[in-house]
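K.L.:
Sequence first, predicted model second:
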Amino acid sequence: MPNASDVLVERLLAWDVDTIFGLPGDGINGVFEALRKQQDKIRFIHVRHEEAAAFMACAYAKFTGRLGVCISTSGPGGIHLLNGLYDAKMDHAPVLAITGLQHSDLIGTFTQQDVALDKLFIDVAVYNERVMNGAHMEAVADLAIRSSLTQRGVSHITIPVDVQTQEMKKGRSPRNPVHHTSAVPAYEAHLPARIDLEHAADILNRGKKIAILAGQGALHATDELEEIAETLGAPIVKALLGKAAVPDDSPYTTGGIGLLGTEPSQDAIEGCDTLFMIGTSFPYVEFLPEPGSVKCIQIDIDPQRISLRHPADVALIGDTRTCLRALAPLLEPHDKSFLEKAQKGKAEWEKLMQERGTREDKPMKPQVVGWELGKRIPSNAIVTSDSGTITTWWARYVPALRGQKHSCSGNLATMACGLPYAIAAAVAYPERPVYCIIGDGGLSMLLGELITVAAYKLNVKVIVIKNNTLGQIKWEQMVFLGNPEYACDLYPADFVTIARGCGIDGVRIEDPTECGRQLDALGRPGPMLVEAVVDQFTPPMPAKVNASQAAKFAEALIKGEPNRSRIALTSLHDSVRELV
């Protein structure tokens with residue numbers, strides 16, 4: 001008779017789960033024995049930190065569209081999962097977390113590692129349950145997986161140690177017959193009502209200057225986005241998670257928006273009379289039109305996300321591709337003047353990016369690394385980014401090509417995600433190269449996962465842009481608060497030596513004139529780390545600097561910014577010149 005852990009693994013297999021990320025431990029050993037017995041059908045990826053396992057499950061779900069699964073022991077192991085699980089929650093990635101609990105007759109008695117993980121996970125999970133006995137497992141596992149997939153969120157199952165090895169007949173009630181649940185998926189049609197489509201089309205047909213804002217929900221609708229943009233004469237502005245929704249060389253896109261965005265994108269948003277939000281609930285309302293100043297159409301698969309950032313005049317609830325295909329025949333061809341203006345702005349912006357990306361002064365500018373790297377990443381690559389100033393260089397200088405996948409921690413914007421994301425991508429797509437663009441701060445947090453890359457011989461290229469400081473925090477302290485920087489500098493670790501100690505080849509780049517040639521080494525198969533040493537006084541400024549930011553920056557210098565002389569010297573030739 002199978003026990004509870006056997007049943008859990010059988011349900012995972014029934015739902016086509018083939019990969020689990022995590023760490024073993026005495027609080028989850030019953031489940032690990034079940035995994036051992038099925039190791040020819042379901043692979044276990046052994047990580048060095050449970051937080052990384054949760055990040056990997058999140059990224060696996062993002063890149064594949066399938067369920068991501070992570071597992072940890074009781075107490076501290078489960079606690080470690082939380083940051084990665086919140087990343088999945090906030091970016092709507094379907095993830096199942098499996099954790100252990102102490103023996104059921106010791107829970108709540110202050111025994112070792114006695115942490116009520118089901119209570120701890122209440123906020124992060126859409127489904128969260130403690131398995132009570134062997135007979136309880138089948139229904140709980142099916143419901144947890146179904147909840148994650150249909151609600152695009154985190155589910156959590158926690159299992160006491162003794163329950164993990166209980167037979168499935170143990171404690172079975174008459175209302176719980178064996179196999180009364182199934183792994184049959186259930187999907188909605190996701191097609192809006194005809195009247196809503198007609199109303200949306202009427203507003204769009206009346207619009208003269210339409211801007212499309214596309215996000216993560218539009219990643220699978222590239223062709224449909226470009227078709228709609230052509231018909232409406234509308235530039236496509238991309239939220240960060242929507243970076244790969246249309247390639248950056250598309251004539252219809254102006255690139256990103258927000259602090260990491262482009263000037264033509266901001267101009268398009270500021271100049272539009274109709275905003276068409278597609279698969280996004282872009283959180284930075286300060287970059288959107290004033291409420292009531294424009295008409296707004298919004299497409300989202302989740303009704304709860306409608307009008308979160310801007311009041312929608314019409315909401316189309318459904319899958320982005322399905323909605324756009326239904327809407328397209330109702331739209332009338334528009335004049336292209338608004339799009340053409342945006343295209344001219346994009347051309348000017350690209351000249352500016354090239355100017356900043358080809359500088360030869362030392363210390364090397366981070367833009368140079370982004371510019372040279374962007375020319376060398378192949379079209380079949382998967383690209384991950386960490387959080388911080390690094391996100392700016394990735395967003396602006398590394399173009400998304402047709403066929404590529406790009407992602408990062410969008411709404412949580414947590415550091416440390418970049419390397420685990422890359423590992424998950426390489427596990428999911430072993431035939432594709434994976435590029436991890438990360439800062440020294442983010443890499444330091446989960447540095448041990450370099451060992452995971454080496455252990456599985458993953459084709460991951462780690463490009464660490466090293467400036468020996470928490471750059472994003474440094475500039476936020478100055479530009480947003482008007483304070484001198486404090487507690488931001490990092491000890492200058494030698495990441496090349498660390499990588500080699502893990503069994504990964506490493507290269508250091510310091511000379512901007514040699515940057516491109518040295519980056520050519522990334523074309524070799526197998527894992528590799530590039531440490532690019534750059535100027536820490538190059539600010540990741542927004543595309544348009546407002547008066548408040550200029551005033552705060554000046555205030556920080558006056559208050560006694562310790563590096564004000566070096567910052568001022570650097571800024572004469574860089575983007576801080578926009579402040580004066």
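P.N.:
Right, received. Where do you want to start?
K.L.:
a strand runs through Gly100, doesn't it?
P.N.:
Yes. Judged by DSSP: H, G, I helix; E, B strand; the rest coil, Gly100 forms part of a strand.
K.L.:
Tell me how far it lies from Leu260.
P.N.:
Using CB to CB, to the nearest Å, one obtains 40 Å as the distance from Gly100 to Leu260. Backbone N, C-alpha and C define where each C-beta goes, glycine included.
K.L.:
Over to Glu50?
P.N.:
29 Å.
K.L.:
Of these two, which one has the most company?
P.N.:
Glu50 (27 against 21; other CB atoms under 10 Å).
K.L.:
Quick check: nearest residue in space to the more buried one, chain neighbours excluded?
P.N.:
His80 (3.5 Å; CB to CB, 6 or more residues apart in numbering).
K.L.:
Quick check: that neighbour touching His49?
P.N.:
Yes. Using CB atoms under 8 Å, His80 is in contact with His49, at 6.5 Å.
K.L.:
of those two, who's got more company?
P.N.:
Between His80 and His49, counting by other CB under 10 Å, His49 is the more crowded of the two (21 against 18).
K.L.:
list the contacts for that one?
P.N.:
Leu23, His80, Leu446, Gly448, Glu449 (CB atoms under 8 Å, 6 or more residues apart in numbering).
K.L.:
any chance of these in CSV, plus secondary structure?
P.N.:
Below are those laid out as CSV (three-state DSSP):
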residue, secondary structure
Leu23, coil
His80, helix
Leu446, coil
Gly448, coil
Glu449, helix
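K.L.:
What subset of those residues is buried?
P.N.:
Leu23, His80, Leu446, Glu449 (16 or more other CB atoms under 10 Å).
K.L.:
mind listing what the first one touches?
P.N.:
Counting by CB under 8 Å, 6+ apart, Leu23 touches His46, Val47, Arg48, His49, Glu50, Ala53, Ile71, Ser72, Thr73, Gly77.
K.L.:
Which stretches in the stretch 451-580 of the chain count as strands?
P.N.:
Assigned by DSSP state E, counting those that start in this stretch, the stretch 451-580 of the chain shows strands spanning 460-466, 505-509, 528-533.
K.L.:
and among these, the most buried is which?
P.N.:
Highest mean neighbour count among the strands of the stretch 451-580 of the chain (mean count of other CB atoms under 10 Å): strand 460-466, with a mean of 28.
K.L.:
pLDDT score for His510?
P.N.:
His isn't right for residue 510; it's Glu. Looking at Glu510, its pLDDT reads 98.
K.L.:
okay, now it: neighbour count?
P.N.:
So Glu510, with other CB under 10 Å, has 15 neighbours.
K.L.:
Please report how far the closest residue to it other than its chain neighbours lies from Lys466.
P.N.:
In this structure, Glu510 finds its nearest non-sequential neighbour in Val533, 4.8 Å apart by CB to CB, 6+ apart. As judged by CB to CB, Val533 and Lys466 stand 5 Å apart.
K.L.:
What of Arg432?
P.N.:
For Arg432, the distance to Lys466 - CB to CB - is 26 Å.
K.L.:
contacting residues around the residue nearest to Glu510?
P.N.:
Contacts of Val533 (CB under 8 Å, 6+ apart): Pro363, Met364, Lys466, Asn467, Arg508, Ile509, Glu510.
K.L.:
Check the secondary structure at the residue of the chain most remote from its centre for me.
P.N.:
Within the chain, the residue lying farthest from the chain centre (CA atoms, centre = their mean) is Pro174, at 44.9 Å. Three-state call for Pro174 (three-state DSSP): coil.
K.L.:
Look up the pLDDT of it for me, please.
P.N.:
Looking at Pro174, the pLDDT reads 84.
K.L.:
Val576 now?
P.N.:
Value listed for Val576 in the pLDDT field: 43.
K.L.:
now swap in Ala234 and tell me
P.N.:
Reported pLDDT for Ala234: 98.
K.L.:
dump the residue contacts of the closest residue to it other than its chain neighbours.
P.N.:
Of all residues not flanking Ala234 in the chain, Ile210 sits nearest, at 4.0 Å (CB to CB, 6+ apart). Ile210 makes contact with Leu204, Leu232, Gly233, Ala234, Cys272, Asp273, Thr274, Leu275, Phe276, His334, Phe338, according to CB under 8 Å, 6+ apart.
K.L.:
what residue ranges in the stretch 151-300 of the chain score low on pLDDT?
P.N.:
189 (pLDDT under 70).
K.L.:
all helices for it, in order.
P.N.:
Here the stretch 151-300 of the chain has its helices, by DSSP state H, counting those that start in this stretch, at 194-206, 222-232, 263-271.
K.L.:
quick one: which of the ones you listed is nearest Gly318?
P.N.:
helix 194-206 (9.6 Å; CB to CB).
K.L.:
now for the closest one, which elements pack on it?
P.N.:
strand 274-278, strand 295-300, strand 314-317, helix 320-327 (3 or more CB pairs under 8 Å, 6 or more residues apart in numbering; DSSP states H and E).
K.L.:
Return the set of buried residues in the third one.
P.N.:
Buried residues in strand 314-317, defined by neighbour count with 16+ other CB under 10 Å: Val314, Ala315, Leu316, Ile317.
K.L.:
Please identify which two of those residues are farthest apart in space.
P.N.:
It's Val314 and Ile317 that sit farthest apart of the buried residues of strand 314-317, by CB to CB, at 10.6 Å.
K.L.:
What are the boundaries of the helices in the stretch 351-500 of the chain?
P.N.:
366-374, 389-397, 418-428, 440-445, 449-455, 471-479, 495-501.
K.L.:
got it, and the stretch 1-150 of the chain?
P.N.:
4-14, 29-37, 50-64, 76-91, 117-120, 137-151.
K.L.:
low-scoring stretches of the protein, by residue?
P.N.:
189, 546-561, 563-580.
K.L.:
For the nearest residue to Asn83 once chain neighbours are set aside, give its distance to Arg500.
P.N.:
The shortest distance from Asn83 to any non-neighbouring residue, by CB to CB, 6+ apart, is to Glu51 (5.3 Å). Glu51 sits 25 Å away from Arg500, going by CB to CB.
K.L.:
who has more neighbours, these two?
P.N.:
Glu51 (26 against 13).
K.L.:
Identify the residues contacting that one.
P.N.:
Per CB under 8 Å, 6+ apart, neighbours of Glu51: His80, Leu81, Leu82, Asn83, Gly84, Ala416, Pro420, Leu446.
K.L.:
Can you tell me which of those lies closest to Leu401?
P.N.:
Pro420 (23.4 Å).
K.L.:
My read is that that closest one contacts Gly84, right?
P.N.:
Yes. Here Pro420 reaches Gly84: they are 7.3 Å apart, a contact under CB under 8 Å.
K.L.:
the more surrounded of the two?
P.N.:
A count of neighbours by other CB under 10 Å puts Gly84 above the other of Pro420 and Gly84, at 36 against 30.
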